[in-house]
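Trainee: missing the sequence, but the structure's below:
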């Protein structure tokens, strides 16, 4: 029998909804004992390496693997000819080759694979694979990609999707008009754990894959197609995931490891290096956005016109959904009676773009919030007051026509962040360099430093939209272990760091009143949980766990009824499960679960389907397209060295409605971490692409915020309760990443008076470096 | 790949002579990145971390002679009072983990235009001591850098040490990066005031194919100070003179546009840093003089 | 090549290592000590922080052969038996762990910080941990954890006196 890798031991969780429960994996993680996908090893394992295109656009002629095959330690070299099944994959449109054939469409695209006895042997051999490239002129300007003369990168042209929203009067006029053009750079999710996994052939034509991913089942379904195997023959188990943020929605090395394992009959591990990770996953779409806002003199929005162009890069990934979000949320959380929104996402020969935290609602937030500040300036109005005046509220209509139900606390969130006491001025006597823009690099002792305060508010959809059949599956098992009742929760939902394991256990603990809850490894032995994306898992998988627990509870109560009698069938007499027992309405123990169950095991599996949504009308963009809306506001206080263009974010304040905080400590962690990623895009994070080539594919030049960059975050967490969701919860993970960056840029504008229409804001955007007239 | 691990300096020089292609490694902060990311596969590698001679520093006449293997952490802790400019630069190098391993010798060997140690070494007229089995030579650091990541070392040579005078006056180092820590210089500037020699020293990093000095800026400012008798009676320096100093520093750079910044920004930033650095240094000098 | 060193108090020898292999790879792939993480392999993220002869280093920047005869302590060597070190316990309680990929490096770096500055200011914490990138937490709870650990260690030492 093939050896399988060691996975994390199961740690029971005790806690209820609303408790700040410690993570069951935290102890393993602080000891270095938590097995991430890149840590897995089994006896006889081979190492895979990937040959990648050095050109952003090239025709692929012959591939000569002979020298690589003769290289020491090499066990296999594979090309597109070795893909057993469908040669392409993709989340929305299967357009991305498992291994490039005919043409390579981006710099770093996978072309061939090597399996060897050691990583170094695999790398050396990969260099020896001779690929005959006929270099083509890459199409790298998304504006150019839109033009009819541009070369077509895919059948059907370069427009991956166009979205039109026509809301209200298309000829509305306004007393005050402001326009602006904005540009957002390409951000990387940069999860700290690079793509990696271990594929183990089962000797009967099937394969087991231990993988860090966001959605096991969609990986499995794509793998089964590409490997020409039935779904039963492709089994996935979630290995430890070192962060995701959207980077693990698409396949990276999954099919490659499986192909090599099936070919060699040996376990194969692939673990990307950091530079390889930059070409191994999609990024946040860079965007160009052109806006026109019209308002009345007293500051009510009359209309918004927006043209949004996102560069999707070489393959579709989730671009079609990202552009829908960019358009649906283009106006921001404001009432706007008339809107004309046109959005395109196009193919180019740039790196492919897809999901990243915020998913289309980030790029437009920079634009709509800059526009609101511009409008406030044009009206001589306080920018927060202008926002409050136009804030959506319960019952407001989106530009898609959807009426937003439940709490819509936009004005309240803005007031809350505005009313937080401002931090004191940074003193420069004596100078603490760590508090200065530029830090210990000693660029200022206070010279040129000006303070600025900026605000932003944003929102987005929670869960999958536009009619997608979104659901999750949970299997819940109640038994007696060691004389005590134990609940096992089994879902395929991916714990990527966000704390889903804890949430599942807390829900089961709450519903079944059991103190010993174990969340089993996520795998494809249970039904799909959907993706750990769109801030949806607590809602949807949480809902599935709740539903399965309710079914188990019903059986427990009817078991008690049949064994003991005296209980009404619907438990309407107030009996419930608590403290490992059935208790009566007044809390007295009716029967301990251990006694009641004995050897019996109660297991139920449930799917949870949230309300269905509808696709956007292709002509008008009108539809009830989204399940739930989540809102957050940020205030940023910055010190800017106006002469050097360096920024120190002094403080961030945020307010967010989370509906119900299932695990308050974890909620705080989402708000803090999300704000940091927003800060990154505002100030430093950008994949710089020139002529289709990434010029900073490493952590030396792709800069992530350090602990010295991230300021204190003052949080106000509201629990207003959504009437439609389990426990009233709202998705939490993405809103913090949406408005934090735009608030920072607004603060820099306030400090410098510069227009700053581009993120990230670079030092040379802040200072005027044009040569002085001589 | 061959791994060579001498335990004495003599042995190291012999190995380098026998394997002139060998890549020396000390803290590994440059060499290991090249190997880990598969950018380079040296035929052989010469580990200098066992050579105790390289880890020592002490007086050498009027100079301090600092072994090439002394880490940034030790420079900050053990030499910060005597070499404040170099210590300030060292504090901006990477992180504690990097400073615990990285060495000035390694920085010189890599000869990156962005090396943080280079501007203060230039500004203090430091001297690099190179050695081979054939002997030892000392080369002013101003003559050491010959191109991007190129230096004046011969194939069989190793860097033994650098020599630098203890500070006779205020020193400053300033570096622009786009985050508040752990950043490679967009551009950097070092300044030394030497009241004994009535000399201004400068060093510019990351703004030319090599680290450079701002010769004309130095002479200009020396002239301003001499003319006004300001070394003896330190009064404030005219703002227009400071601005001119900044312009001359910027003019000494030959920057390019790259992923870290634009050429125009680098020139602009150098002018600002030069002006500010001199302001801080001169304030310190005036404060000391009035005590 | 052969590499012999002391790791977490045990004499360890590996044979057949490639000469260009980092200490990080040696630990992870040859000594079954995968706790130190491989997130960037260029000293930029601190996820592979270990002690070498008592000095905090990035294991990815140490060539395997350079570790010969040295004493290495990794994240796996900080706990005593099943008892977590105070720094580890504080990270668990403060909620400083999300995906956890940065955690081993941060725990070792914090261990080193508190040995040097038992009562660090927030700014000292920030400067000392600037080489450890965390992508999940935004660092707030990491600062909480460091302060919590510092208080606990101070109390323990006080009561030990």
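Mentor: Okay, I see it. Predicted, not measured: the structure shown is a model, and the values here were computed from it.
Trainee: can you list phi and psi of the most centrally placed residue in chain C for me?
Mentor: Nearest to the geometric centre of chain C sits residue C:108, at 2.5 Å (Cα atoms, centre = their mean). The phi and psi values for residue C:108, taken as degrees, to the nearest 10, are phi -70, psi -40.
Trainee: what's near enough to touch it?
Mentor: Shown in contact with residue C:108 (Cβ atoms under 8 Å, 6 or more residues apart in numbering or on different chains): C:49, C:50, C:51, C:56, C:73, C:74, C:75, C:78. Using the backbone N, CA and C atoms, a C-beta is placed for each residue, glycine as well.
Trainee: narrow the residues you listed to those in helices?
Mentor: Among the contacts of residue C:108, no member falls in helices (DSSP state H).
Trainee: which of those ranks first by neighbour count?
Mentor: residue C:49 (32 neighbours; other Cβ atoms under 10 Å in any protein chain shown).
Trainee: beta partners for it?
Mentor: Under DSSP bridges, the beta-bridge partners of residue C:49 are residue C:58.
Trainee: how about the helices in the stretch 51-200 of chain B?
Mentor: Counting by DSSP state H, counting those that start in this stretch, the stretch 51-200 of chain B has helices at residues B:72-79, B:84-91, B:96-99, B:104-110, B:118-123.
Trainee: okay, these, which one's buried deepest?
Mentor: helix B:118-123 (a mean of 30; mean count of other Cβ atoms under 10 Å in any protein chain shown).
Trainee: close to chain A, is it?
Mentor: No - legend: contact between helix B:118-123 and chain A by Cβ under 8 Å from any Cβ of the partner chain is lacking; minimum distance shown is 11.8 Å.
Trainee: packing partners of that helix?
Mentor: If you count contacts as 3 or more Cβ pairs under 8 Å, 6 or more residues apart in numbering or on different chains; DSSP states H and E, helix B:118-123 packs onto helix B:84-91, helix B:104-110, strand B:171-176, strand B:187-194, strand B:199-205.
Trainee: out of these, nearest to chain A?
Mentor: strand B:171-176 (4.1 Å; Cβ to the nearest Cβ).
Trainee: now do the closest one, average pLDDT.
Mentor: Mean pLDDT, computed over strand B:171-176, is 98.
Trainee: same question for stretch A:63-78.
Mentor: Mean pLDDT, computed over stretch A:63-78, is 98.
Trainee: please see if that stretch touches chain B.
Mentor: No - between stretch A:63-78 and chain B, judged by Cβ under 8 Å from any Cβ, nothing touches; the nearest distance is 13.7 Å.
Trainee: between the helices and strands packed on helix B:118-123, which one is nearest to chain C?
Mentor: Among the helices and strands packed on helix B:118-123, helix B:84-91 comes nearest to chain C, with 8.8 Å by Cβ to the nearest Cβ.
Trainee: and the closest one, is it in reach of chain A?
Mentor: Yes - with Cβ under 8 Å from any Cβ as the criterion, chain A is reached by helix B:84-91 at B:88, B:91.
Trainee: returning to that earlier point: now tabulate the helices and strands packed on helix B:118-123 in a markdown table and tack on distance to residue B:129.
Mentor: Compiled in a markdown table, these are given as follows (distance: least, Cβ to Cβ, whole Å):
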| stretch | distance to residue B:129 |
| --- | --- |
| helix B:84-91 | 16 |
| helix B:104-110 | 10 |
| strand B:171-176 | 22 |
| strand B:187-194 | 20 |
| strand B:199-205 | 19 |
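Trainee: what does the stretch 351-500 of chain A put close to chain C?
Mentor: So the stretch 351-500 of chain A meets chain C at A:432, A:434, A:435, A:440, A:496, A:497, A:498, A:499 (Cβ under 8 Å from any Cβ).
Trainee: among those residues, which one lies nearest to residue C:151?
Mentor: Nearest to residue C:151, judged by Cβ to Cβ, of those is residue A:434 at 22.0 Å.
Trainee: wait, a helix at the closest one?
Mentor: Yes - assessed with DSSP: H, G, I helix; E, B strand; the rest coil, residue A:434 lies in a helix.
Trainee: what's the neighbour count on the closest residue to it other than its chain neighbours?
Mentor: Of all residues not flanking residue A:434 in the chain, residue C:123 sits nearest, at 4.6 Å (Cβ to Cβ, 6 or more residues apart in numbering or on different chains). Residues contacting residue C:123 under the criterion other Cβ under 10 Å number 14.
Trainee: residue contacts, residue C:123?
Mentor: A:432, A:434, A:435 are the contacts of residue C:123 under Cβ under 8 Å, 6+ apart.
Trainee: and if you look at residue B:76?
Mentor: Here residue B:76 is in contact with B:87, B:90, B:91, B:99 (criterion: Cβ under 8 Å, 6+ apart).
Trainee: 7 Å instead, please
Mentor: Shown in contact with residue B:76 (Cβ atoms under 7 Å, 6 or more residues apart in numbering or on different chains): B:87, B:90, B:91.
Trainee: repeat that for residue A:610.
Mentor: Contacts for residue A:610 (Cβ under 7 Å, 6+ apart) come out as A:463, A:470, A:539, A:540, A:543, A:627.
Trainee: quick one: the fourth one is in a helix?
Mentor: When you say that, I think you mean residue A:540. Yes - per three-state DSSP, residue A:540 lies within a helix segment.
Trainee: distance-wise, check residue A:85 relative to residue A:217.
Mentor: According to Cβ to Cβ, to the nearest Å, residue A:85 stands 17 Å off from residue A:217.
Trainee: got the contact list for residue 74?
Mentor: Let's take chain A. Residues in contact with residue A:74, defined by Cβ under 7 Å, 6+ apart, are A:68, A:114, A:116, A:121, A:125.
Trainee: if you could check chain C rather than the one you did, that'd help
Mentor: Taking Cβ under 7 Å, 6+ apart, we find residue C:74 in contact with A:32, C:7, C:8, C:27, C:33, C:35, C:36, C:50.
Trainee: so which of the residues you listed sit within strands?
Mentor: Counting by DSSP state E, those place C:7, C:50 in strands.
Trainee: now do the contacts for residue A:605.
Mentor: Listed by Cβ under 7 Å, 6+ apart, the contact set of residue A:605 reads A:473, A:474, A:475, A:548.
Trainee: what's the closest of these to chain C?
Mentor: Looking across these and measuring by Cβ to the nearest Cβ, the closest to chain C is residue A:474, at 22.6 Å.
Trainee: mind checking the SS state of residue A:653?
Mentor: For residue A:653, the assignment made with three-state DSSP gives strand.
Trainee: so in terms of bridging, what pairs with it?
Mentor: Under the criterion DSSP bridges, residue A:653 forms beta bridges with residue A:635, residue A:714.
Trainee: now do residue A:354
Mentor: Applying DSSP bridges to residue A:354 yields these beta-bridge partners: residue A:284.
Trainee: please verify my assumption that it contacts residue A:316.
Mentor: No - counting by Cβ atoms under 7 Å, residue A:354 sits too far from residue A:316 to count as a contact (8.2 Å).
Trainee: need the residues of chain B near chain A, please.
Mentor: Counting by Cβ under 7 Å from any Cβ of the partner chain, chain B comes close to chain A at B:37-38, B:88, B:91-92, B:173-184, B:259-262, B:264-265, B:268-269, B:272-273, B:276, B:280.
Trainee: which of those residues are close to chain C?
Mentor: B:37, B:181, B:182.
Trainee: let me have the residues you listed in a markdown table, extended by distance to residue A:51, neighbour count and pLDDT.
Mentor: A markdown table is the format used below for these (distance: Cβ to Cβ, whole Å; neighbours: other Cβ atoms under 10 Å in any protein chain shown; pLDDT from 0 to 100):
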| residue | distance to residue A:51 | neighbour count | pLDDT |
| --- | --- | --- | --- |
| B:37 | 16 | 18 | 96 |
| B:181 | 36 | 22 | 83 |
| B:182 | 32 | 28 | 87 |
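Trainee: tell me which residue of chain C lies closest to chain B.
Mentor: residue C:131 (2.0 Å).
Trainee: excluding chain neighbours, what is closest to that residue?
Mentor: That would be residue B:95: by Cβ to Cβ, 6+ apart, it lies 2.0 Å from residue C:131.
Trainee: what's the burial count for the one you found?
Mentor: Counted with other Cβ under 10 Å, residue B:95 comes out at 26.
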